[in-house]
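Enquirer: I'll drop the sequence and a predicted model, then ask my questions.
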Amino acid sequence: MQQPIQAYANKILPLHQQQEIVNKWLSERLKSLIPQIMGREKVDIWLVIAREYNEDPVVMTLLPRPAMSARRRTILLFARNPDDSMERLTVSRYGFEDFYKIAWNPDEEEQYECLARIIRERDPQSIAINFSEDFAFGDGLTHSEYNLLAAALGETYTARLCSAERLCLGWLETRLPAELDAYPSLVEMGHALIAEAFSTCVIHPGITTTDDLIWWMRQTMHDLGLQAWFQPNVEIQAQDNQFADFYSGTEQRKVILPGDLLWCDVGFYYLGLATDQQQHAYVLKPGETDAPAGLKAALADGNRLQNIHMEMMQIGKTGNQVLRDTLEKACAEGINATVYSHPLGYHGHAAGPTIGLWDQQGGVPGRGDYELFDHTCYSIELNIKKTVPEWGNQEVRIALEEDAVLANGTMRWLSGRQTALHLIG
């Protein structure tokens, strides 16, 4: 039996304890992941440069709490030495004790002069900076900051600049064991939120609207101390009331009635990590004790597609390969499938391989060509379409999204998945 969402209120830690945990994770990540990723990509120096309120997408994941922005200009420098030892420096007016060594005295030299001197002293052969055509996460260096950097470095070292795209992705997508230990509880809270939303505790058929349900979820997350990373969504399918295509703008009924198939999409941040989930509920008609068999069969097809998708998630495969293999096997089994999964972590639509988009089922050039790595998390997002005999063979769409991890070469759900419709009434 799923606990009510309010039962989790005591699990939400005070802010100072959240800060301690997140900073402990950050310290471990800097010590272990930065050397690993820079070694893997054979990069000597990685620069992350950002200005206050124009932050690079990566920089806030590299700064300890309670930092809420870059300060003036924040420059972080990671240097991999010939003996494989690492230096973590900050060329910034404000330091970050225990995380980065302060390397700049503003009274003695200008900021970019200091940075250029540090680089010349180490004479790196490769200097990675954050620019990327395919991934926003790796494209955070602004044009003006690049110009200042190039002017300070001069021709010799500017010629050694290269893209930090894969460093950014590797840093953001890789999860520590401690983070993976904590992640299932976040996903469990998401399931509890949906279970209560899809119940008579919240829904009064004939009165409650989809907007009411959306704002109940948003307010409940806020009251618990969870941060929604997108506005939740709730939609209705029913006999003669089909689910609208994504972004179609089709006007739909909003009042929830008996006989409706409900769908929701909801996600939040906690401890710096994101959840993202979609599930379905059926509103019982008077005299009914279960959903129509056709709806349950459609959910079973959705679960089967999830199984196929999870089987295809293998280290070294690209997102486009996973998409192709999943759709081919689903088609062979007679499943009308669409797949649009994405990485999950510091962001909801996070760093890593794109595995289809709802409107790009032939693959996604660039973002879909990135490969899967171990110790990474994903939102397995997809839908199936199937006719329902009890609804006059009307087609319904079962859109599911559940959170999973690829760890030690094996895919598993972070905290289970929906295998039966929520029943309301």
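Expert: Looks like it arrived, so ask away.
Enquirer: Hmm, residue 153 and residue 119 touching each other?
Expert: Yes. Assessed by Cβ atoms under 8 Å, residue 119 is found in contact with residue 153 at 6.6 Å. C-beta here means a position set from N, CA and C on the backbone, and glycine is covered the same way.
Enquirer: Mutual contacts of those two, please.
Expert: Common contacts of residue 119 and residue 153 (Cβ atoms under 8 Å, 6 or more residues apart in numbering): residue 127.
Enquirer: Distance check, residue 417 against residue 19.
Expert: 32 Å (Cβ to Cβ, to the nearest Å).
Enquirer: all helices of the stretch 101-250 of the chain, in order?
Expert: 111-122, 143-158, 165-173, 177-197, 210-224 (DSSP state H, counting those that start in this stretch).
Enquirer: Could you do the stretch 301-425 of the chain as well?
Expert: Using DSSP H, counting those that start in this stretch, helices in the stretch 301-425 of the chain cover 319-332.
Enquirer: buried sites along stretch 67-81?
Expert: 70, 71, 73, 74, 75, 76, 77, 78, 79, 80 (16 or more other Cβ atoms under 10 Å).
Enquirer: now those as CSV including pLDDT?
Expert: CSV is the format used below for the buried residues of stretch 67-81 (pLDDT from 0 to 100):
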residue, pLDDT
70, 86
71, 87
73, 95
74, 95
75, 97
76, 97
77, 98
78, 98
79, 97
80, 93
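Enquirer: remind me which residues of the protein are low pLDDT?
Expert: Scanning the chain for pLDDT under 70 picks out the ranges 1-2, 242-250.
Enquirer: Tell me who's in contact with residue 88.
Expert: Residue 88 touches 30, 34, 76, 77, 78, 99, 100, 101, counting by Cβ under 8 Å, 6+ apart.
Enquirer: Confirm that the second one lies within a strand, as I assumed.
Expert: No. Using DSSP: H, G, I helix; E, B strand; the rest coil, the secondary structure at residue 34 is helix, not a strand.
Enquirer: for the nearest residue to it once chain neighbours are set aside, which residues make a bridge with it?
Expert: Leaving aside its chain neighbours, residue 34 sits nearest to residue 78 (5.6 Å; criterion: Cβ to Cβ, 6 or more residues apart in numbering). Under DSSP bridges, the beta-bridge partners of residue 78 are residue 46, residue 88.
Enquirer: so residue 78 touches residue 86, yeah?
Expert: Yes. With contacts counted by Cβ under 8 Å, residue 78 reaches residue 86, the gap being 6.8 Å.
Enquirer: Name all residues that make contact with the closest residue to residue 374 other than its chain neighbours.
Expert: Excluding its sequence neighbours, the residue lying closest to residue 374 (Cβ to Cβ, 6+ apart) is residue 315, at 5.5 Å. Counting by Cβ under 8 Å, 6+ apart, residue 315 touches 371, 372, 373, 374, 406, 409.
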